[in-house]
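Student: What follows is a predicted protein model with its sequence.
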Amino acid sequence: MTEFTALMAGMTRSGDGWTVSVSDDWLQGRTVYGGMGAALCMQAALNEFGSVPPLRSAQIAFIGPATGQLQLTATVLRKGKSTLFANVDLVGEAGLATRAVFCFGAARESAYNYVAIGTPELKDPESCPDFFRNAPPVLRFVQHMEGRFVSGSPPFSGSDDPQMSLWLRHREPGITPSLVALLALADAPPPAATARAKTPSLISTMTWSIDMLTDEITTDDGWWLIHNRAEQIAGGYSSQAMTLWNRQGTPIMASRQNIAVFG
């Protein structure tokens with residue numbers, strides 16, 4: 001097994017970009033787990049550009065499987081006085097696997113301060129049941145993560161209400177909360193659409209759109225609370241809304257995913 005921090009530290013300069021080898025324990029089926037792909041793209045951007053303003057938003061497309069030694073190339077799309085738009089392409093042995101567009105923006109003084117996202121009930125993580133205990137063997141990456149089921153409908157329960165809340169954290173001790181580590185966690189829950197099914201079937205995230213709600217990526221004991229809700233399932237695709245809070249109930253990230261649903 002390769003711990004998360006060792007994997008990120010193992011990214012090295014290669015020509016105009018960066019290269020990294022991801023061990024099999026981070027795979028989801030035949031490809032590198034999508035959240036890890038997003039985290040690698042962010043790490044490559046930070047390696048390439050050094051000090052950048054806080055992330056404001058990201059659009060990530062999971063185009064194909066990420067296999068073999070991975071190559072990452074980070075380029076500036078536009079740099080202004082307070083913002084930086086950057087593109088990162090992650091390429092594996094099968095070609096382009098992930099494309100990420102990041103928007104970084106420095107904070108500025110504003111007369112406005114408004115948050116419509118409320119704080120859910122914060123059950124103690126240790127009082128909630130283990131979520132990944134019976135995960136399918138193909139989801140090898142979950143051995144790096146601890147998940148606790150808080151509420152909603154479990155995967156493959158045939159529920160009419162496809163939504164679920166989970167506590168998540170890295171199993172590796174001592175990981176400092178960071179944007180890179182958070183991206184590697186936030187894609188870990190199964191899509192909420194799986195709650196509608198009664199038996200396991202193939203699913204694949206195609207796109208992930210992220211809005212950051214704060215500059216401060218902090219939490220206690222490594223725990224983050226995430227809620228996923230399927231808002232539409234039809235024609236072999238699902239659109240889901242996702243919200244993530246820290247241990248204190250502060251909203252950190254709001255995002256959306258479009259998912260291919262097979263079977």
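Tutor: Here it is on my side, so go on. Numbering: from 1, shown residues only.
Student: in the stretch 101-250 of the chain, which spans are strands?
Tutor: Remark: strands assigned in the stretch 101-250 of the chain by DSSP state E, counting those that start in this stretch are 145-152, 163-170, 203-212, 224-234, 237-246.
Student: so which of those gets nearest A195?
Tutor: Of all these, strand 163-170 sits nearest to A195, with 6.4 Å by CB to CB. Glycine gets a C-beta too; all of them are placed from N, C-alpha and C.
Student: And this protein, split by domain according to the record?
Tutor: Listed by automatic domain parsing, the domain ranges of the chain are 1-106, 120-263.
Student: low-scoring stretches of the stretch 51-200 of the chain, by residue?
Tutor: Within the stretch 51-200 of the chain, not a single segment meets pLDDT under 70.
Student: can you give me the helices in it?
Tutor: According to DSSP state H, counting those that start in this stretch, the stretch 51-200 of the chain carries its helices in the segments 179-186.
Student: Kindly present the domains of the chain as a markdown table, with separate columns for mean neighbour count.
Tutor: Formatted as a markdown table, these follow (neighbours: other CB atoms under 10 Å):
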| stretch | mean neighbour count |
| --- | --- |
| domain 1-106 | 18 |
| domain 120-263 | 17 |
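Student: Tell me which residues touch the closest residue to G17 other than its chain neighbours, please.
Tutor: Closest residue to G17 apart from its sequence neighbours, by CB to CB, 6 or more residues apart in numbering: T73 at 3.8 Å. Contact analysis of T73 by CB atoms under 8 Å, 6 or more residues apart in numbering lists D16, G17, W18, A44, V88, D89, V91.
Student: can you redo those residues as CSV with distance to I63?
Tutor: Shown next, in CSV, are those (distance: CB to CB, whole Å):
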residue, distance to I63
D16, 20
G17, 17
W18, 18
A44, 16
V88, 13
D89, 9
V91, 10
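Student: So I60 is in contact with T205, correct?
Tutor: No: the pair I60 / T205 is not scored as a contact, 9.0 Å apart, by CB atoms under 8 Å.
Student: Pull up the gap between Q163 and S14, please.
Tutor: Using CB to CB, to the nearest Å, we find Q163 at a distance of 42 Å from S14.
Student: got it, and V22?
Tutor: 15 Å.
Student: go on, T218?
Tutor: In terms of CB to CB, T218 sits 33 Å off from S14.
Student: what's the closest non-adjacent residue to S209?
Tutor: Of all residues not flanking S209 in the chain, R256 sits nearest, at 4.8 Å (CB to CB, 6+ apart).
Student: Tell me if I'm right that the one you found and S238 touch.
Tutor: No: counting by CB under 8 Å, R256 stays clear of S238, with 10.9 Å between them.
Student: follow-up on the earlier one: can I get the strands of the stretch 101-250 of the chain in CSV with distance to V101?
Tutor: Below are the strands of the stretch 101-250 of the chain laid out as CSV (distance: least, CB to CB, whole Å):
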stretch, distance to V101
strand 145-152, 26
strand 163-170, 25
strand 203-212, 10
strand 224-234, 22
strand 237-246, 18
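Student: So which of those strands is nearest I117?
Tutor: The minimum distance between I117 and these falls on strand 237-246, with 6.2 Å, by CB to CB.
Student: I'd like the next helix or strand past the closest one.
Tutor: Heading C-terminal from strand 237-246, the first helix or strand you meet, by DSSP states H and E, is strand 251-261.
Student: pLDDT (mean, whole number) over that next one?
Tutor: For strand 251-261, the mean per-residue pLDDT is 97.
Student: And that strand, what does it pack against?
Tutor: helix 179-186, strand 203-212, strand 237-246 (3 or more CB pairs under 8 Å, 6 or more residues apart in numbering; DSSP states H and E).
Student: ok, now with 10 Å
Tutor: Strand 251-261 sits against strand 55-62, helix 179-186, strand 203-212, strand 224-234, strand 237-246, with contacts defined as 3 or more CB pairs under 10 Å, 6 or more residues apart in numbering; DSSP states H and E.
Student: neighbouring strands for it, and are they parallel or not?
Tutor: Strand 251-261 pairs in its sheet with strand 203-212 (antiparallel), strand 237-246 (antiparallel), by DSSP bridges.
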